[in-house]
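J.: let's see this in three dimensions:
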Amino acid sequence: MTGENIRSWIRGLPALTGTPPPAPSTFPDRPNDLFVSWLREAVAAGVREPHVCALATVDGSGVPDTRYLILKDVTDAGFWFSGSSDSMKGIELQANPQAALAFYWREQGRQIRIRGAVKADTGPVRDRDFVERSVTARAVAAASRTSQVLTDPEEYNRLVEEAAAAIENDPGFVAENWRAWCLVPETVEFWQADQGRRHQRWQYRRTGDGDYLREVLWP
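T.: Just a heads-up that it's a prediction; the model follows:
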């Protein structure tokens, strides 16, 4: 397939085939509240895995990186996710604690973009997040040399089995390198598709006093 044929094929793929619900008529003061409302609507509409999102970070040289993960919580502080401090996201957040989250719910033609500073928790929030994981997930997190080259699968299996046995004996165990991160939103954009391309966009932007300015954006 030539480059031009690939372009034509991609251009011919259906897009924005979802059915967006009615646009909001009122907006809460904080973006967190609108996000939870949209998330509940997505779950009710049968959107699959609506809590999965893309996390974008940059490394110490400013090179961007992205991956998908699971949103763990939404609080007044912000949007929570977790992982190992030894992972690429952990290393990159240590070097530059600014990040973005992006959600896309195809069935509803909705997208949410969140940008802001990221704060790490190594206390009760981190501990609870780790303990609530399955034993296997905790064992993998404890044993894994995240992002390093795996040369011996048997060693990996052995380390995971040993970690699982240790966790069975100590249910409260929390891996030292585990982190719960909170993205504190500076801007949150809610986007709703229109099949005729007259999309709608609403933005919350944090002001100097900590409140949010609500704005309608050009599509």
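
J.: just the strands from this structure, written as ranges.
T.: 52-58, 64-70, 73-74, 79-84, 98-105, 110-121, 178-192, 200-206, 212-217 (DSSP state E).

J.: report the contact partners of the residue positioned nearest the centre of the chain.
T.: Nearest to the mean C-alpha position of the chain, by Cα atoms, centre = their mean, lies C53 at 3.9 Å. Applying Cβ atoms under 8 Å, 6 or more residues apart in numbering, one finds that C53 lies in contact with 68-71, 101-103. Every C-beta, even on glycine, is put in place using the N, C-alpha and C of the backbone.

J.: on that earlier part again, dump the strands of the chain to TSV, plus mean pLDDT and distance to P21.
T.: Shown next, in TSV, are the strands of the chain (pLDDT from 0 to 100; distance: least, Cβ to Cβ, whole Å):
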stretch	mean pLDDT	distance to P21
strand 52-58	98	20
strand 64-70	98	24
strand 73-74	98	20
strand 79-84	97	22
strand 98-105	98	10
strand 110-121	97	8
strand 178-192	98	8
strand 200-206	97	12
strand 212-217	96	18
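
J.: tell me which of those approaches A143 most closely.
T.: strand 79-84 (10.9 Å; Cβ to Cβ).

J.: what comes into contact with the closest one?
T.: Against strand 79-84 from outside (Cβ under 8 Å, 6+ apart): 32, 35, 55, 69-74, 89-90, 101, 114, 125-126, 129-130, 141, 144, 146, 175, 177-183, 185.

J.: mark which of the residues you listed are buried, thanks.
T.: For the contacts of strand 79-84, a burial check counting by 16 or more other Cβ atoms under 10 Å picks out 32, 35, 55, 71-74, 89-90, 101, 114, 125-126, 129-130, 141, 144, 146, 175, 177-183, 185.

J.: may I see the buried residues of the longest helix belonging to the chain?
T.: With secondary structure taken from DSSP state H, the chain has its longest helix at helix 153-169. For helix 153-169, the neighbour count (16+ other Cβ under 10 Å) marks 159-160, 163-164, 167 as buried.

J.: I'd like those laid out as TSV, including distance to G210 and pLDDT.
T.: TSV is the format used below for these (distance: Cβ to Cβ, whole Å; pLDDT from 0 to 100):
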residue	distance to G210	pLDDT
L159	45	92
V160	44	93
A163	42	92
A164	44	94
I167	40	94
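
J.: now render the residues you listed as JSON lines, adding distance to F81.
T.: Listed next are those as JSON lines, based on distance: Cβ to Cβ, whole Å:
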{"residue": "L159", "distance to F81": "25"}
{"residue": "V160", "distance to F81": "23"}
{"residue": "A163", "distance to F81": "22"}
{"residue": "A164", "distance to F81": "24"}
{"residue": "I167", "distance to F81": "22"}
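
J.: return the closest of these with respect to W191.
T.: V160 (40.3 Å).

J.: okay but that closest one is in contact with A139, surely?
T.: Yes: the pair V160 / A139 is scored as a contact, 5.0 Å apart, by Cβ atoms under 8 Å.

J.: list the residues that contact both of these two?
T.: Counting by Cβ under 8 Å, 6+ apart, nothing touches both V160 and A139.
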